[in-house]
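Engineer: give me a model of this one.
(2 chains)
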Amino acid sequence: MTMPAQTNWTVETRTRTSTIFLGLAAVLVVVLALAPFYASRSLIQDLFFILTMLVLAQGWNLLAGYAGLVSVGQQAFVGIGAYAMFGGVILLDLDPLVSIALGGIAAALLAIPTAFFTFRLQGAYFAIGTWVVAEIVRLTVAQWKALGGGTGTSLPRSATREMFGLEFLKDTFGFKTSAATDVITFWLALVLAVVTVGVVYRLLRSRQGLGLAAVRDNQNAARSVGVDAQRIKTIVYLSTAFITGLAGALIYVQKARISPDAAFSVLDWTAYVIFIVVIGGIGTIEGPIIGVLVFFALQNSLSGYGSWYLLVLGLLGIVIMLFAPRGLWGLFTDRTGIELFPIRRRLSGDPNEKSGG
Amino acid sequence: MIWIDTIVQGVLLGGLYALFAAGLSLVFGIMRLVNLAHGDLIVMAAYLILVLVTLLGIDPFLAALIAAPFLFGVGWLLQMHVLNRTLGPDILPPLLVTFGLSIVIQNALLEGFSADSKRLSVGQLETASLALGPVNVGVMPLLTFISAIVVIVALNRLFYSTSLGRAFRATSDDAVTASLMGVRPQNIFATATGIAMVVVTIAALYLGTRANFDPTIGPARLIYAFEAVIIGGLGSLWGTLAGGIIIGVAQTLGAAINPEWQILAGHVAFVVVLLLRPRGLFPRAVD
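Structural biologist: Model (predicted):
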């Protein structure tokens, strides 16, 4: 009996299920990308809505589910992203697509003073602090007369008509102008959603992600082994702001009409997002995906009932938080053990095991 | 002269915000529960008073007196059967459950009372005013401010001179040890929320008599109330009054310069105070 001098243990997060799933997901993305060629325009718009809400939900999930930053003020970044995009188009005469990048940058810049202020506040104070900041930004933007002040404004038709790539789509595939706009924004939303999920998944599997989980589980213990909690939280907050700003700008390229109350709506950009994450399962990557599909199904089937719809959504959120705090995906994983985006580290690959040591 | 008048109006407005905040401060101080539905509970109480006024044809003050014990019961049940389940080291469950509750209350009120704005009428009191030295003050704003002081004095007496208050403070300091001494934290929490709902009823009375209200104005009141609590410092009710006054004065001064700046000025004052004093002006408890 010899002790193996060197074992071939490796730390892995991947499982067989997840590898198969990644293959399927890649196929799904391709199928979705081709949607404009076989799906109706209204389906493309629905998919656009689902994908952009998914981006916002993944962002909020990363903040609240992993970094412990329960923000009720994400509408600040959606709104400032959208307004920066409008500013780029109207005041600087930029292409709307170029302007979307401006939206992300503006949101990330806004996040710096916001983090400076709100990170001094703990827990619930932080939640209210982010909300107040969002209100301040909304009220300030409402004073910006060049972009319509409190009543808002529209994207000039010339800008949306001459949007990059529009002519190409019209000439090559024979789309009408309005349909081509939807197709471009849909593709961008798909790219943004895939990149967001990919970046979040990569982050959670990285050293930083491990540090983040450690901070969430026990901040003092994490700090004692050298995890710089504040630094990781700041990075997560700023990058989420950037992604949220991009999503906000993209959403308003498609809407083409903006007002402070709509762009900074706590209901549309934070409450819905929170319900999506809670219903799907907070603290997992799969949760927001499940959540956004359930949310969309609920919205479609209950949209005729006015405020009853929100009432049901609120009650569902409360019931899930009380009785199944890990959401629908949590229930599913508990029963089946299936994880599509596993981030738990497992030991595997010891060849000595076979030879019977 | 106009500035003195503006500041006096702001101080009196601060009394209203302190009333919004007192219930929140009480609940937060005892069980560290952040109730994001607090503003909507105030609006709900205002609708209840309105229903009593309409159905029974009585004065809003009398209606509030009838509504208060009922709302105490609502608060007690809400805490006992819903909110107590969310308490614990994790701050997510209470935040998300009360956030959901906020959406539920708003939409239930929208369904029941439509989006039209309503008002509680108190007859001649609405326009009556008193000359106090160089400035004229409305009777209703003055009454609001006095009520805020009475509520704070009463809550402080309850806290520091009664056995219930002793149980409140003990549970707040250490719920486990308090339960060894025969205090049942669950009951204490339910009673505290019940009392907070009585304060909410008083706040609702003045909310409804001083201005129009509709089902969607709750969240804005929640923010003012929270700003007052945080500016004042955790655990200090007089601090909460001071916080309310700071927000109120900032708002009226802002509005005097440009009507569009009223709300903005209040929020900015909140941010400035917190940048200078991160734990508020008169912090008593350490969170």
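Engineer: for residue 40, give me the pLDDT.
Structural biologist: I'll assume chain A. If you check A:Ser40, the pLDDT there is 89.
Engineer: I was after chain B.
Structural biologist: 96.
Engineer: swap in A:Lys354?
Structural biologist: 48.
Engineer: report the contact partners of the closest residue to chain B within the stretch 101-250 of chain A.
Structural biologist: Here the stretch 101-250 of chain A gets closest to chain B at one residue, A:Ala124, 3.6 Å apart by Cβ to the nearest Cβ. Where you see a C-beta, it was placed from the backbone N, CA and C, and this is true even at glycine. Neighbour list for A:Ala124: A:Val70, B:Phe28, B:Arg32, B:Val34, B:Ile91, B:Pro94, B:Leu95 [criterion: Cβ atoms under 8 Å, 6 or more residues apart in numbering or on different chains].
Engineer: between those, which is nearest A:Ser224?
Structural biologist: Nearest to A:Ser224 among the contacts of A:Ala124, counting by Cβ to Cβ, is B:Ile91 at 22.2 Å.
Engineer: which residues does that closest one contact?
Structural biologist: B:Ile91 touches A:Val70, A:Gly123, A:Ala124, B:Val34, counting by Cβ under 8 Å, 6+ apart.
Engineer: look up how far B:Phe28 lies from the first one.
Structural biologist: In this structure, A:Val70 and B:Phe28 are 15 Å apart, going by Cβ to Cβ, to the nearest Å.
Engineer: now intersect the contacts of A:Ala124 with the helices, please.
Structural biologist: Those of those mapping onto helices are B:Phe28, B:Pro94, B:Leu95, per DSSP state H.
Engineer: how about the residues you listed in a markdown table, adding pLDDT and distance to B:Leu19?
Structural biologist: Converted to a markdown table, those look like this (pLDDT from 0 to 100; distance: Cβ to Cβ, whole Å):
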| residue | pLDDT | distance to B:Leu19 |
| --- | --- | --- |
| B:Phe28 | 85 | 16 |
| B:Pro94 | 89 | 23 |
| B:Leu95 | 88 | 24 |
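Engineer: among those, which are within reach of chain A?
Structural biologist: B:Phe28, B:Pro94, B:Leu95 (Cβ under 8 Å from any Cβ of the partner chain).
Engineer: what is the nearest of those residues to A:Ala229?
Structural biologist: Closest to A:Ala229, out of all of those and judged by Cβ to Cβ, is B:Leu95, at 20.0 Å.
Engineer: wait, that closest one touches A:Ala127, no?
Structural biologist: Yes: the pair B:Leu95 / A:Ala127 is scored as a contact, 5.9 Å apart, by Cβ atoms under 8 Å.
Engineer: between those two, what contacts are shared?
Structural biologist: Going by Cβ under 8 Å, 6+ apart, residues that sit against B:Leu95 and also against A:Ala127 are A:Val70, A:Val72, B:Val34, B:Leu36.
Engineer: which other helices and strands contact the helix or strand where A:Val89 lies?
Structural biologist: Using DSSP states H and E, A:Val89 maps to helix A:75-90. Judged by 3 or more Cβ pairs under 8 Å, 6 or more residues apart in numbering or on different chains; DSSP states H and E, helix A:75-90 is in contact with helix A:96-118, helix A:123-141, helix A:229-255, strand A:257-258, helix A:260-263.
Engineer: and residue 137, how many neighbours does it have?
Structural biologist: Let's take chain A. Neighbour count for A:Val137, taken as other Cβ atoms under 10 Å in any protein chain shown: 23.
Engineer: you answered for a different chain; I wanted chain B.
Structural biologist: 18.
Engineer: grab the nearest non-local neighbour of it.
Structural biologist: B:Leu130 (5.7 Å; Cβ to Cβ, 6 or more residues apart in numbering or on different chains).
Engineer: surely the one you found touches B:Met140?
Structural biologist: No: contact criterion Cβ under 8 Å: B:Leu130 and B:Met140 do not qualify, at 10.8 Å.
Engineer: neighbour-wise, which of those two wins?
Structural biologist: B:Met140 (19 against 10).
Engineer: can you map out the strands along the stretch 101-250 of chain B?
Structural biologist: B:129-132, B:135-138 (DSSP state E, counting those that start in this stretch).
Engineer: now these in TSV, with mean pLDDT?
Structural biologist: Below are the strands of the stretch 101-250 of chain B laid out as TSV (pLDDT from 0 to 100):
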stretch	mean pLDDT
strand B:129-132	82
strand B:135-138	84
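Engineer: hey, which of the ones you listed is tucked in deepest?
Structural biologist: Among the strands of the stretch 101-250 of chain B, strand B:135-138 has the highest mean neighbour count (mean count of other Cβ atoms under 10 Å in any protein chain shown), at a mean of 16.
Engineer: that older thread, which of the ones in helices among the contacts of A:Ala124 lies closest to chain A?
Structural biologist: Distances from chain A to the ones in helices among the contacts of A:Ala124, taken by Cβ to the nearest Cβ, are shortest for B:Leu95, at 5.5 Å.
Engineer: the closest one: what's it in contact with?
Structural biologist: A:Val70, A:Val72, A:Ala124, A:Ala127, B:Val34, B:Leu36.
Engineer: make TSV from those residues and add distance to A:Ala39 and pLDDT to it.
Structural biologist: Supplementary listing: the contacts of B:Leu95 in TSV, determined by distance: Cβ to Cβ, whole Å; pLDDT from 0 to 100:
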residue	distance to A:Ala39	pLDDT
A:Val70	37	90
A:Val72	35	91
A:Ala124	44	78
A:Ala127	39	88
B:Val34	44	85
B:Leu36	39	91
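Engineer: count the neighbours of B:Ala64 for me.
Structural biologist: The burial count for B:Ala64: 26, using other Cβ under 10 Å.
Engineer: can you give me the helices in the stretch 101-250 of chain B?
Structural biologist: For the stretch 101-250 of chain B, the helices defined by DSSP state H, counting those that start in this stretch occupy B:139-161, B:163-173, B:175-180, B:185-210, B:218-232, B:237-257.
Engineer: got the phi and psi for A:Thr10?
Structural biologist: phi -130, psi 150 (degrees, to the nearest 10).
Engineer: I should have written A:Val225 there, sorry.
Structural biologist: Residue torsions, per degrees, to the nearest 10, at A:Val225 are phi -100, psi 20.
Engineer: now do it, the pLDDT please.
Structural biologist: pLDDT at A:Val225 comes out at 85.
Engineer: ok, now which ones touch the closest residue to B:Ala265 other than its chain neighbours?
Structural biologist: Closest residue to B:Ala265 apart from its sequence neighbours, by Cβ to Cβ, 6+ apart: B:Gly254 at 2.5 Å. By Cβ under 8 Å, 6+ apart, the contact list for B:Gly254 reads B:Trp261, B:Gln262, B:Ile263, B:Leu264, B:Ala265, B:Gly266, B:Val268.
Engineer: within range of chain B, give me the residues from the stretch 51-200 of chain A.
Structural biologist: A:64, A:70, A:72, A:117, A:120-125, A:127-129, A:131-133, A:135-136, A:139-140, A:142-143, A:150.
Engineer: any of those buried? List them.
Structural biologist: A:64, A:70, A:72, A:117, A:121, A:123-125, A:127-129, A:131-133, A:135-136, A:139, A:142 (16 or more other Cβ atoms under 10 Å in any protein chain shown).
Engineer: could you list the contact residues of the stretch 251-357 of chain A toward chain B?
Structural biologist: Neighbours of chain B within the stretch 251-357 of chain A, by Cβ under 8 Å from any Cβ: A:266-267, A:271, A:274-275, A:278, A:282, A:306-308, A:310-311, A:313-315, A:317-318, A:321-322, A:325.
Engineer: again, only this time at 6 Å
Structural biologist: A:Val278, A:Ser307, A:Leu310, A:Leu311, A:Gly314, A:Leu315, A:Gly317, A:Ile318, A:Met321, A:Leu322 (Cβ under 6 Å from any Cβ of the partner chain).
Engineer: among these, name the ones in helices.
Structural biologist: Filtering these for helices - DSSP H - leaves A:Val278, A:Ser307, A:Leu310, A:Leu311, A:Gly314, A:Leu315, A:Gly317, A:Ile318, A:Met321, A:Leu322.
Engineer: roughly how far apart are the fourth one and B:Pro89?
Structural biologist: Spelled out, it's A:Leu311. 30 Å.
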